[in-house]
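1. my questions concern the predicted model and sequence given below.
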Amino acid sequence: MRRISALLLCILICLGAAILSRYDRNRQANVQPVVLYAVINSQVDALRASDFSRAYRHVSSDFKKKYDIAQFTGMIRAEYPALSLSDRLEYGAVERSGRRAMIEVYFIDRRERVIPCIYTLIDEGADWKIESVRLLQKKDARLTLTGILSCTAGL
């Protein structure tokens, strides 16, 4: 009788794990791009306001393990100043793979210069967080962009 109970318990545990795994995969696959855009917009708004602590709240827990708020602030000021000086954003392709999403983001300044970036976000359970930002080669805005959504300063 104990063997049958133990076997049933194992079957129930495996079944529960399979259901939770399927639910988690479906939740990740069904995330709407607008949810990801909101994370990026919120961080960029914070950077435009020089509110580095609010911007830091949008980075992943792994990023926070490597860099504290002072290092993050220095990095933004030294390597990414154009992100806070842009007038508007345009979004391009979104690719999802498991818990990660990669998004093309185009920062456009007042002189219509374009700074293309690749944002990588990670699903940390309750929220999507920014894992990395990679700056690409600058473009002339007169070239056609593949962006699908445009956001201006102050949104």
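-> Looks like it came in fine. Numbering: from 1, shown residues only.

2. list the contacts for the residue nearest the centre of the chain?
-> Taking Cα atoms, centre = their mean as the criterion, residue 121 is the residue nearest the geometric centre of the chain, at 2.9 Å. Residues in contact with residue 121, defined by Cβ atoms under 8 Å, 6 or more residues apart in numbering, are 36, 39, 40, 100, 101, 102, 103, 128, 129, 130, 131. (Each C-beta comes from the backbone N, C-alpha and C, glycine too.)

3. give me the buried entries from the residues you listed.
-> Burial by neighbour count, 16 or more other Cβ atoms under 10 Å: within the contacts of residue 121 this picks out 36, 39, 40, 101, 102, 103, 128, 129, 130, 131.

4. can you name the residues bridging to the fifth one?
-> If I follow you right, that is residue 102. Taking DSSP bridges, one finds residue 95, residue 120 as the beta-bridge partners of residue 102.

5. test my guess that it contacts residue 130.
-> No: contact between residue 102 and residue 130 fails when scored by Cβ atoms under 8 Å: they sit 11.4 Å apart.

6. many thanks, we can stop here.
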